[in-house]
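[1] Predicted structure and sequence below. I'll ask about it afterward.
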Amino acid sequence: MNLKEMLAAALKRLEAAQTALNTGNGSVDDVKAASAEVKELSAKLEALKESETITKALGDKKQDAKDAPAKSLGGHVVKTAGAKLKTAKASGQMSAMSITTPEFKAATDTHVTGTLPEHLKPVTIDRNIIREYEPPLRVADFLGAGALDSPTLVYFTEQLGAAVEGAFTTVAEEGKKPQLHFPSYKELTETVRKIAGYIKLSTEMLEDEAFLVTEINNRLLRELAKFEENQLLHGDGQGTNVLGLLKREGLQKMESKADLVDDIFRACSKVAETTGLEADGILINPADYQELRLKKDQNGQYLAGGPFTGQYGVGGILQNPPLWGKTTIVTPAIEKGKVLVGAGKQAATVYHKGGVAVRTAFQNEDDFVHNRVTILAEERLALAVYMPSAFCLLEKTAA
């Protein structure tokens, strides 16, 4: 019996003595004796722990055989990959499994920089890459968001401008009540669309985990999001394409021949008058926004505030001040000369079926013989526009 077990037994005896004393069947001497034994064993155990700590700090001369360095390449393979080999054998997947072990070399070799050929000397590589400008993705902020469990979404929209048959009226006692008939709803079906793409990297690149994370996040997923944004606005609905917002039947349109700022407000009012919904967002191209941002009054003062102060010297400078108090999204996703206003959060929803999936494969095409890995990213989504008339596309035309 070791010290821990002896201490556990002593604690039980102390507990039993205390219980007996409480019930009148024991004595104080028994409790004191048991307590003294517990204290003695606790002190010995504490001393043992302190001794083990000192020994560990000084270093243990003994080394477990499994921790000893391998003395041959075969031993190195078994040492580093043995567990994987056993797992693969047990699962019956040996034919499709590839095991890579770290490089092995004799411990007696010493690298001397001066003895290496010039092309083998250690070099420092700066992995910072100056990438081209990537505009922010904002179209999804304009619309509602949801999730789907099934691959198909069926929903109904009310026919714009269709008259209601009948009307409410006053009725005399025992008089016949009038019937009302609302126009039939239009049934629409949206099928979940898949957006996918992949990149290929050499297996050597996988050793640089930071680089791999950057490639997936800043490259692969970024390009996926850019294509999604284009589909949400401009998709033509043909084949596997999403039917984008600007291609929807029932989308209201206006021409702007004079003051764009005034016409944007008129477009917002048109949405409210037609649908009863308040426009909550504006999509505008950077070039058109710049034109409005730099507008001045007759005294040469910036309407939205100057480069150093707020409007007419009041308050601080706003970064991209909103138009008419609406959420203003400045994005090149919409063409120059066009402005989209609407009740995006209420009238349309982007549904995702699951999240973005990222998969890797080492045996795609001829990747195996070229030491390459394929990294695939894909997502499934559908765009439901419940009320196309809650959006108005404003187009600038020559006066």
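    Sure thing, it's come through.

[2] show me what contacts Ile329?
    Listed by Cβ atoms under 8 Å, 6 or more residues apart in numbering, the contact partners of Ile329 are 138-139, 141-142, 281-284. Using the backbone N, CA and C atoms, a C-beta is placed for each residue, glycine as well.

[3] buried subset of these?
    Using 16 or more other Cβ atoms under 10 Å as the burial test, the contacts of Ile329 include 138-139, 142, 281-284 as buried.

[4] Turn these into JSON lines, columns for pLDDT.
    Below are the buried ones among the contacts of Ile329 laid out as JSON lines (pLDDT from 0 to 100):
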{"residue": "Arg138", "pLDDT": "75"}
{"residue": "Val139", "pLDDT": "85"}
{"residue": "Phe142", "pLDDT": "88"}
{"residue": "Gly281", "pLDDT": "93"}
{"residue": "Ile282", "pLDDT": "95"}
{"residue": "Leu283", "pLDDT": "95"}
{"residue": "Ile284", "pLDDT": "95"}
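
[5] which ones among the residues you listed are found in strands?
    Among the buried ones among the contacts of Ile329, the ones falling in strands (DSSP state E) are 281-284.

[6] biggest separation within the residues you listed, which pair?
    Greatest spacing in these, by Cβ to Cβ: Gly281 and Ile284 (10.2 Å).

[7] picking up where we left off before, which one among the ones in strands among the buried ones among the contacts of Ile329 gets closest to Gln238?
    Distance to Gln238 across those (Cβ to Cβ) is lowest for Leu283, with 23.1 Å.

[8] and the closest one, what are its bridge partners?
    Beta-bridge partners for Leu283, by DSSP bridges, are Ile329, Leu340.

[9] From what I see, it and Val139 are in contact.
    Yes - with contact defined as Cβ atoms under 8 Å, Leu283 and Val139 form a contacting pair (7.0 Å).

[10] so what sits against both of the two?
    Counting by Cβ under 8 Å, 6+ apart, the residues touching both Leu283 and Val139 are 329, 331, 333.

[11] In TSV: those residues, plus pLDDT and distance to Ala34.
    Formatted as TSV, the shared contacts of Leu283 and Val139 follow (pLDDT from 0 to 100; distance: Cβ to Cβ, whole Å):
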residue	pLDDT	distance to Ala34
Ile329	91	77
Thr331	90	79
Ala333	90	80
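
[12] quick one, helices of the stretch 101-250 of the chain?
    Taking DSSP state H, counting those that start in this stretch to define them, one finds helices in the stretch 101-250 of the chain at 139-142, 209-214, 221-234.

[13] Please name every helix or strand in contact with the last one.
    The contact analysis (3 or more Cβ pairs under 8 Å, 6 or more residues apart in numbering; DSSP states H and E) places helix 221-234 against helix 139-142, strand 193-202, strand 372-385.

[14] Would you tell me which of the ones you listed gets closest to Leu221?
    Across the helices and strands packed on helix 221-234, closest to Leu221 is strand 372-385 (Cβ to Cβ), at 5.9 Å.

[15] Listing partners with orientation, what would you give for that closest one?
    Each strand paired with strand 372-385, and its direction, by DSSP bridges: strand 193-202 (antiparallel), strand 348-352 (antiparallel), strand 357-361 (antiparallel).

[16] Next up, the contacts around the closest residue to Lys295 other than its chain neighbours.
    Distances taken as Cβ to Cβ, 6 or more residues apart in numbering put Leu303 closest to Lys295, at 5.0 Å, once the chain neighbours are dropped. In this structure, Leu303 makes contact with 295-297, 311, judged by Cβ under 8 Å, 6+ apart.

[17] Could you do Pro321 as well?
    Pro321 neighbours (Cβ under 8 Å, 6+ apart): 293, 304-305, 328.

[18] cutoff 7 Å now
    Counting by Cβ atoms under 7 Å, 6 or more residues apart in numbering, Pro321 touches 304-305.

[19] what's it sitting at in phi/psi?
    With angles defined as degrees, to the nearest 10, Pro321 sits at phi -60, psi 140.

[20] What of the one 3 residues further on?
    The phi and psi torsions at Trp324 (degrees, to the nearest 10) take the values phi 50, psi 30.

[21] Tell me how many other residues crowd the closest residue to it other than its chain neighbours.
    Using Cβ to Cβ, 6+ apart and skipping the chain neighbours, the partner closest in space to Trp324 is Phe265 (5.4 Å). When neighbours are defined as other Cβ atoms under 10 Å, Phe265 has 15 of them.

[22] Phe265: which element?
    For Phe265, the host element (DSSP states H and E) is helix 260-275.

[23] and for that helix, what are the contacting residues?
    With Cβ under 7 Å, 6+ apart, helix 260-275 has contacts from 252, 254, 256, 277-279, 282, 288, 292, 323-324, 326, 339, 341-343, 387, 389-390, 392, 394, 396.

[24] how long is stretch 348-358 end to end?
    Stretch 348-358 has an end-to-end distance of 27 Å (Cα to Cα, to the nearest Å).

[25] Kindly report the same for stretch 242-259.
    Terminal residues of stretch 242-259 are spaced 34 Å apart (Cα to Cα).

[26] Report the rounded mean pLDDT for it.
    Rounded to a whole number, the mean pLDDT of stretch 242-259 is 92.

[27] Check stretch 288-300 too.
    Mean pLDDT, computed over stretch 288-300, is 91.

[28] how about that stretch: buried residues?
    Neighbour-count burial for stretch 288-300, with 16+ other Cβ under 10 Å as criterion, is recorded at 288-289, 292-293.

[29] Next: stretch 335-353.
    Neighbour-count burial for stretch 335-353, counted by 16+ other Cβ under 10 Å, picks out 338-353.

[30] Determine which two of the residues you listed are furthest apart.
    Farthest apart among the buried residues of stretch 335-353 by Cβ to Cβ are Val339 and Lys353. That separation is 31.5 Å.

[31] which helix in the chain runs the most residues?
    Longest among the helix segments of the chain by residue count, using DSSP state H, is helix 28-58.

[32] Which strands or helices does that one pack on?
    Counting contacts by 3 or more Cβ pairs under 7 Å, 6 or more residues apart in numbering; DSSP states H and E, helix 28-58 is packed against helix 3-22.

[33] The helix it packs on to helix 28-58, inter-axis angle?
    Going by axes from the mean of the first three to the mean of the last three Cα atoms, to 10 degrees, helix 3-22 is angled at 160 degrees with respect to helix 28-58.
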